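*Asks:* no letters, just coordinates:
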């Protein structure tokens, strides 16, 4: 099996190398063929591994591939940890990536960077697989940074656009802030456990929990709280939690296929996966978990509100991703790690579906993304319409869809939690249900229903996307609709994560929910008595009334609450603060240091100043070098006389 484990990440890596280095030789068809084969191989092997674990009695694997470096007794290895968590992630990552690869054939067929794009997305898949398969912090950090590098390349794929360059630079800088905290967290773990291997670190977790960091002689911090919060700062960057969320909406500057891959199964899920993997550490710090809980709740509610005022169809889906990542983070903070990962899995399918459906609309609209210029597309794009409807229903948690099972269990877990901040979190996730339904069906109604608002030429040429676009939509719609029925009971209440995720008995909110869980059908029946269903229905009804039936009500509400609309369109001022305070302050500080430090102190004082002193001293000494012999003889006589006087008159 070890050769299979090794082949899973290496297949897309080899394909990326072939498409990237030899793209001109193998051509466009060769580039997409080799990368699709590479990812399909990886997907098939991942499915085989998961099947063997579930039904074939395959034991988890934890072992090194090779030792990269040994320093002061610390082994830095490339190694794999294949258990139920990583096997499920491998299947999700490779399946979504495979759908995106096939879809890209249709979406990017006219782009001159065709081969380069396939190389990048295949490399992206390799990086994410190395992250989820890691059994140590060194390899985790490698995958962590690799997905960041490739996302930088993909967000700025159209590098001739200034907006794309700004977006990928923004993503790079914001993630550097998060990664600084992540490195500090890894350093703290290494300092107090002496190892980077997960198993050894988790074995030393009680010692880490007992350790204290002496900040001053009188101030100490809990070492495990410090380490967990630093690790979570890294997750805030990758998984776009407030205030490190600002890069994710701008990532829409990249082509739509990469938006689907980033938002559904790769980069933004890395932080959620990491915190779940580190559950043995986080469970020992209530402070860290409360921090996770509150930040996730804030992201879930307030980022969802931004989707209500966005008019770019891709940005609406992007704000949805921010909000849903907040839901996952809330589950982690409530110690319902299984619910968070379960929502990650279901979300990967329906969010990839929504992004690819948005891309199909954009293709039909000749790359127009403003929903105010759409409308009435249902009759022109029937497959896109129905698959997008499935994805939208899953996103709002419509009863029976995959999103219904994962989101409702998650909200129930937050309600059952007694951790500080749980009350605030429950309010946020409950209010978020209404907000999610509102912005989702605002997008759906404005795009597919109502009167056509596009120009006559565009309307005449509207048609359904080619099969390489619609087939991935259908294949993603199937799990978006049904996978919750098949997986909710075994994954959350059947011991799927036993031995993988660690939860203290006092924190185990899912256990209480599981005692009342009577199966998917019973859970579905109970949903009609829960507030979530009615809040979602109210959100859909509000969207129908304000944006389809009587759109003048939306205009009136915008005029009446203009201040609120301005706050939302300005995205709470985060971008303004970053650009006009942080960036401007950084520039001012840099300019001051340049003038005072570089020009005045270094150039003026040390470099040019020393040169001027040497020049002055040389100009004085030049007078003693006249070239006349009698001047030198006279100087020698004066020197000798001075020496003799010193000998005579010395005490």
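*Replies:* Here it is on my side, so go on. All of these numbers come straight from a predicted model, not from anything done at the bench.

*Asks:* number of nearby residues for residue 456?
*Replies:* 7 (other C-beta atoms under 10 Å). C-betas here are computed from N, CA, C, even on glycine.

*Asks:* if I look at it, how far off is residue 415?
*Replies:* According to C-beta to C-beta, to the nearest Å, residue 456 and residue 415 sit 52 Å apart.

*Asks:* and residue 239, by the same measure?
*Replies:* 23 Å.

*Asks:* can you list contacts of stretch 56-75?
*Replies:* 1-2, 5-6, 49, 52-53, 76-84, 135, 138, 190, 194-199, 499 (C-beta atoms under 8 Å, 6 or more residues apart in numbering).

*Asks:* about what we covered before: so between residue 239 and residue 415, which is more surrounded?
*Replies:* Comparing residue 239 with residue 415 by other C-beta under 10 Å, the one with more neighbours is residue 239, at 31 against 17.

*Asks:* in the chain, where is pLDDT below threshold?
*Replies:* Low-confidence segments of the chain (pLDDT under 70): 597-599, 603-607, 624, 630, 650-651.

*Asks:* quick check, central residue of it?
*Replies:* In the chain, the residue lying closest to the centroid (C-alpha atoms, centre = their mean) is residue 268, at 2.5 Å.

*Asks:* now do the helix or strand where that one lies: which elements does it pack against?
*Replies:* Counting by DSSP states H and E, the element that carries residue 268 is helix 267-277. Contacts defined by 3 or more C-beta pairs under 8 Å, 6 or more residues apart in numbering; DSSP states H and E place helix 267-277 against helix 84-107, helix 114-132, helix 137-155, helix 223-238, helix 313-333, helix 337-364.

*Asks:* mind doing that once more with 7 Å?
*Replies:* Applying 3 or more C-beta pairs under 7 Å, 6 or more residues apart in numbering; DSSP states H and E, we find helix 267-277 packed against helix 84-107, helix 137-155, helix 223-238, helix 313-333, helix 337-364.

*Asks:* ok, residue 234 touching residue 182?
*Replies:* Yes. If you go by C-beta atoms under 7 Å, residue 234 and residue 182 touch, sitting 2.6 Å apart.

*Asks:* mind listing what's buried in stretch 236-252?
*Replies:* Counting neighbours by 16 or more other C-beta atoms under 10 Å, one finds that the buried residues in stretch 236-252 are 236-242, 244-252.

*Asks:* one step back: list the contacts of the residue nearest to the centre of the chain.
*Replies:* Listed by C-beta atoms under 7 Å, 6 or more residues apart in numbering, the contact set of residue 268 reads 238-240, 248, 262, 321, 325.

*Asks:* for those, which two are the farthest from each other?
*Replies:* The largest separation in these, counting by C-beta to C-beta, is between 238 and 321 at 12.6 Å.

*Asks:* could you measure from residue 302 over to residue 568?
*Replies:* 9 Å.

*Asks:* those two: which is more packed in?
*Replies:* The neighbour count for residue 302 versus residue 568, taken as other C-beta under 10 Å, is higher for residue 302 (20 against 17).

*Asks:* give me the distance from the lengthiest strand in the chain to the chain's centre.
*Replies:* Looking across the chain with DSSP state E, the single longest strand is strand 61-71. How far strand 61-71 lies from its chain's middle: 27 Å, per C-alpha atoms, centre = their mean, to the nearest Å.

*Asks:* could you do stretch 132-141 as well?
*Replies:* That offset, for stretch 132-141, works out to 17 Å (C-alpha atoms, centre = their mean).

*Asks:* quick one: the helices and strands packed on helix 267-277 as JSON lines, columns for distance to residue 557 too.
*Replies:* Shown next, in JSON lines, are the helices and strands packed on helix 267-277 (distance: least, C-beta to C-beta, whole Å):
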{"stretch": "helix 84-107", "distance to residue 557": "36"}
{"stretch": "helix 137-155", "distance to residue 557": "34"}
{"stretch": "helix 223-238", "distance to residue 557": "33"}
{"stretch": "helix 313-333", "distance to residue 557": "18"}
{"stretch": "helix 337-364", "distance to residue 557": "25"}
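
*Asks:* of all these, which one is nearest residue 389?
*Replies:* Taking these one by one with C-beta to C-beta, helix 337-364 is closest: 9.1 Å.

*Asks:* what angle sits between that closest one and helix 313-333?
*Replies:* Computed with axes from the mean of the first three to the mean of the last three C-alpha atoms, to 10 degrees, the direction of helix 337-364 lies at 180 degrees from that of helix 313-333.

*Asks:* report the angle between helix 337-364 and helix 267-277.
*Replies:* In terms of direction (the same axes, to 10 degrees), helix 337-364 departs from helix 267-277 by 180 degrees.

*Asks:* tell me the phi and psi of residue 239?
*Replies:* phi -100, psi 10 (degrees, to the nearest 10).

*Asks:* ok, it - contacts?
*Replies:* 268, 270-272, 325, 329.

*Asks:* determine which two of those are furthest apart.
*Replies:* Greatest spacing in the contacts of residue 239, by C-beta to C-beta: 270 and 329 (12.6 Å).

*Asks:* more neighbours: which of the two?
*Replies:* Using other C-beta under 10 Å, the more surrounded residue of residue 270 and residue 329 is residue 329, with 31 against 24.

*Asks:* mind listing the strands for the chain?
*Replies:* 61-71, 74-82, 212-214, 220-222.

*Asks:* out of those, deepest packed?
*Replies:* strand 74-82 (a mean of 20; mean count of other C-beta atoms under 10 Å).

*Asks:* how distant is that strand from the center of its chain?
*Replies:* Worked out by C-alpha atoms, centre = their mean, strand 74-82 lies 23 Å from the chain centre.

*Asks:* got it, and stretch 615-626?
*Replies:* On the basis of C-alpha atoms, centre = their mean, stretch 615-626 sits 66 Å off its chain's mean C-alpha point.

*Asks:* for it, measure first residue to last.
*Replies:* End-to-end distance for stretch 615-626, by C-alpha to C-alpha, to the nearest Å: 18 Å.

*Asks:* from now on call the first residue 35
*Replies:* In the new numbering, first residue 35, that becomes stretch 649-660.

*Asks:* in that stretch, what counts as buried?
*Replies:* By neighbour count, with 16+ other C-beta under 10 Å as the criterion, stretch 649-660 contains no buried position.

*Asks:* residue 475: which of the strands of the chain is closest?
*Replies:* strand 108-116 (40.4 Å).

*Asks:* now the angle from that closest one to helix 171-189?
*Replies:* 70 degrees.

*Asks:* specify the angle between strand 108-116 and strand 95-105 in degrees.
*Replies:* 160 degrees.

*Asks:* report the inter-axis angle for strand 108-116 versus helix 148-166.
*Replies:* 100 degrees.

*Asks:* now the closest residue to residue 202 other than its chain neighbours. Its backbone dihedrals?
*Replies:* Once flanking residues are discounted, residue 202 sits nearest to residue 190: 3.3 Å by C-beta to C-beta, 6 or more residues apart in numbering. In terms of degrees, to the nearest 10, the main-chain angles of residue 190 are phi -100, psi 30.

*Asks:* how about the one 4 residues further on?
*Replies:* Backbone geometry at residue 194, expressed as degrees, to the nearest 10, gives phi -80, psi -10.
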